[in-house]
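Student: Got a predicted structure plus its sequence, pasted below:
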Amino acid sequence: MKLFNLSVFIVFFTFFSNAQIQSESDYVQILGIVQDAGYPHIGCEKDCCELVKPGDYFVSCIGLVDKANNKRYLFDATPDMHNQLNLLEKFPNGNLIDGIFLTHAHIGHYTGLMYLGREGLGGNKIKVYALKRMAAFLRKNGPWNQLIKLKNIDIQTISNKNFIKLSKNILVIPIKVPHRDEYSETVGYKIIGKTKKMLFIPDIDKWNEWEKDIVEEIKLVDYALIDGTFYNGLELDRDMSEIPHPSVEETLELFLNQPVVERNKIYFIHINHTNPILTNKNGVKDLIESYGFNVAKRGLKFNL
């Protein structure tokens with residue numbers, strides 16, 4: 001009987017210890033998965049938007065939680081940022097937000113900065129990390145330059161491939177990617193934790209236009225949240241050359257000959273309202289998941 005009780009205690013203690021370790025890990029959390037203009041989409045009268053309610057989906061964004069130092073970071077400042085911050089773990093003596101890493105100057109990726117000014121939070125020197133052109137765009141144009149003037153935000157100019165050390169266990173590396181760079185360059189990010197690595201590329205024109213090989217890059221990480229904007233480029237009645245993205249089908253084609261362990265790393269994010277993987281129309285989501293790929297989901301966490 002005593003031996004049995006001891007065994008139960010050991011099992012319980014081991015489980016509790018593992019759970020505690022798990023809960024103390026730094027992690028990335030998905031805060032939104034859809035394309036810049038949201039879902040339901042403005043002006044959409046198609047079946048895909050008919051049953052969707054406002055608030056069901058938020059614009060593509062991830063949060064990084066530094067547990068050891070009680071800090072919270074965002075990757076992109078979306079129009080849904082005021083709601084997305086409520087999804088992140090809160091710390092009793094922590095800041096609402098400790099920094100924002102911007103990818104580029106398209107509407108779903110930086111306009112959430114508007115909430116940090118006089119009409120909103122009235123932030124105090126919140127660090128905003130951006131490459132040179134993106135930083136210059138914010139400094140030269142209103143209302144963003146007012147945020148700088150009032151010291152609501154503090155621009156941290158970063159450089160391609162040069163790491164930012166957030167803590168002893170967390171590094172962030174910006175990586176330039178080809179995209180429609182009307183007002184700024186575009187970057188993805190590699191987030192390196194104590195034991196795991198993540199690649200975050202919500203926007204890119206085409207994989208074959210990038211200087212790096214996406215197949216090889218994903219071999220170097222544990223998770224990859226990548227551009228899943230369009231399923232096959234046929235779902236929009238528009239000139240797709242004006243809004244280039246690698247289709248989900250193109251990405252599947254690149255990875256289908258890779259081991260399933262590599263496919264399992266991939267989570268499609270930044271999904272357009274017309275993309276059938278959002279609604280599983282015709283079983284499309286089930287199909288790609290049967291191949292080992294994943295569709296990003298709000299609330300999903302990745303330990304680092």
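Tutor: Great, that's in hand.
Student: May I see the buried residues of stretch 156-169?
Tutor: For stretch 156-169, the neighbour count (16 or more other Cβ atoms under 10 Å) marks Ile158, Ile164, Leu166, Asn169 as buried. Every residue, glycine included, has its C-beta placed from N, CA and C.
Student: List the ones among those that fall in strands.
Tutor: Using DSSP state E, the subset of the buried residues of stretch 156-169 located in strands is Ile164.
Student: Could you find the closest non-adjacent residue to Gly151?
Tutor: Quick fix: residue 151 is Lys, not Gly. Of all residues not flanking Lys151 in the chain, Lys125 sits nearest, at 5.4 Å (Cβ to Cβ, 6 or more residues apart in numbering).
Student: Which of the buried residues of stretch 156-169 sits closest to Gln84?
Tutor: Checking the buried residues of stretch 156-169 against Gln84 by Cβ to Cβ gives Leu166 as the nearest, at 19.1 Å.
Student: Do a quick rundown of the strands in the stretch 151-300 of the chain.
Tutor: In order along the chain, the stretch 151-300 of the chain carries the following strands (DSSP state E, counting those that start in this stretch): 153-157, 164-165, 171-176, 187-192, 197-201, 223-227, 266-269, 294-295.
Student: ok so, going back, which members of the buried residues of stretch 156-169 are the farthest-apart pair?
Tutor: Across those, no pair lies farther apart than Ile158 and Asn169, at 19.3 Å, counting by Cβ to Cβ.
Student: Closest to Ser247 out of the buried residues of stretch 156-169?
Tutor: Comparing the buried residues of stretch 156-169 against Ser247 with Cβ to Cβ places Ile158 closest, at 30.0 Å.
Student: Would you confirm that that closest one contacts Val128?
Tutor: No. Using Cβ atoms under 8 Å as the test, Ile158 is too far from Val128 to be in contact (10.2 Å).
Student: For the protein, which segments count as helices?
Tutor: Across the chain, reading from the start of the chain, the helices by DSSP state H fall at 2-23, 47-50, 81-84, 107-110, 132-140, 144-149, 214-219, 248-255, 260-263, 284-290.
Student: Go through the ones you listed and pick out the most buried.
Tutor: Across the helices of the chain, the average number of neighbours (mean count of other Cβ atoms under 10 Å) peaks for helix 107-110, which reaches a mean of 22.
Student: returning to what we had before: now tabulate the strands of the stretch 151-300 of the chain in TSV and tack on distance to Cys44.
Tutor: Compiled in TSV, those are given as follows (distance: least, Cβ to Cβ, whole Å):
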stretch	distance to Cys44
strand 153-157	33
strand 164-165	38
strand 171-176	32
strand 187-192	28
strand 197-201	26
strand 223-227	21
strand 266-269	20
strand 294-295	20
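Student: Save those strands as TSV, and put in mean pLDDT and distance to Lys90 too.
Tutor: Output for the strands of the stretch 151-300 of the chain, formatted as TSV (pLDDT from 0 to 100; distance: least, Cβ to Cβ, whole Å):
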stretch	mean pLDDT	distance to Lys90
strand 153-157	98	21
strand 164-165	98	23
strand 171-176	99	22
strand 187-192	99	21
strand 197-201	99	22
strand 223-227	98	23
strand 266-269	99	24
strand 294-295	98	27
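Student: I'd like to know which of those strands is closest to Leu96.
Tutor: Distances from Leu96 to each of these were compared using Cβ to Cβ; the minimum, 13.0 Å, belongs to strand 153-157.
Student: contacting residues around that closest one?
Tutor: Strand 153-157 is contacted from outside by 99, 113, 116, 123, 125-132, 135, 138-139, 147-148, 164, using Cβ atoms under 8 Å, 6 or more residues apart in numbering.
Student: now do stretch 236-251
Tutor: Counting by Cβ under 8 Å, 6+ apart, the neighbours of stretch 236-251 from elsewhere in the structure are 180, 203-207, 214, 226-233, 266, 268, 272, 274-275, 277, 288.
Student: Those residues, buried ones only, as a ChimeraX selection?
Tutor: Selection command for ChimeraX covering only the buried members of the contacts of stretch 236-251, criterion 16+ other Cβ under 10 Å:
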select :203,204,205,207,214,226,227,228,229,230,231,233,266,268,272,274,275,277,288
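Student: ok, back up a step: let me know which of the helices of the chain is the nearest to Val34.
Tutor: Put simply, out of those the one that sits nearest Val34 is helix 107-110, at 8.4 Å, with distance taken as Cβ to Cβ.
Student: Please state the offset of that closest one from the chain centre?
Tutor: Chain-centre distance of helix 107-110: 12 Å, with Cα atoms, centre = their mean, to the nearest Å.
Student: do stretch 292-301 as well
Tutor: When distances are taken as Cα atoms, centre = their mean, stretch 292-301 is centred 11 Å away from the chain's centroid.
Student: Quick check: buried residues in that stretch?
Tutor: For stretch 292-301, a neighbour-count test (16+ other Cβ under 10 Å) marks Gly292, Phe293, Asn294, Val295, Ala296, Arg298, Leu300 as buried.
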